[in-house]
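> I need the structure of the sequence given here:
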Amino acid sequence: MNCTRAFTLAFPFHTCARRQFFLQQPRWSVSTLRFFRTRDMSVRDMTGEFSIAYVTVPSREAGKAIAADIIEKKLAACVNIIPGVESLYWWEGKMESSNELMMMIKTRTSLVPQLVERVKAMHEYDVCEVITSPIDAGNPAYMKWLDESTAKV
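Next comes the predicted model:
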């Protein structure tokens, strides 16, 4: 990687300003630019440690009941219940449509199997959606709070 490309990645501000800044500076090594990028980024690498689970529910009441239960059991640190989701899907050989709410659940990856089982036990659907995605990085203070607010397994 050349210094100009590394500089662009380390300092992603407007091209003209970047070019002018770069021309005023001595040649920077790639390792120096990596140092500045890591120092300036306010994220903590959390690859694999935490996950977000997505669950659809038919009503706010159902979502709140599941959310309260999993938070009380420390299977999740936070649950956002997002209204206004329209789902289209195949069910028993025909296309269906439902108005639902989406639960966005922040949890520890090691707790996902327990979380899935608890949601399945409480959910009114025969086949409930519980899918997860890893959190790669985030605000260090938030990630610390997430760590402190969930059960350690």
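
> what's the weakest-modelled helix or strand in the protein?
helix 30-40 (a mean of 44; mean pLDDT, DSSP states H and E).

> what element comes up after that helix heading to the C-terminus?
strand 44-57 (DSSP states H and E).

> by contact count, what packs against that following strand?
Judged by 3 or more CB pairs under 8 Å, 6 or more residues apart in numbering; DSSP states H and E, the packing partners of strand 44-57 are helix 60-72, strand 78-91, strand 94-108, helix 112-122, strand 130-138, helix 140-149. Quick note: C-beta positions are derived from backbone N, CA and C, even for glycine.

> so what strands line up beside that strand?
Looking at strand 44-57 with DSSP bridges, its partner strands are strand 94-108 (antiparallel), strand 130-138 (antiparallel).

> residues making contact with that strand?
Residues external to strand 44-57 that are found in contact with it (CB atoms under 8 Å, 6 or more residues apart in numbering): 63, 66, 76, 81, 85, 87, 100-109, 112, 115-116, 119, 123, 128-140, 143, 146-147.
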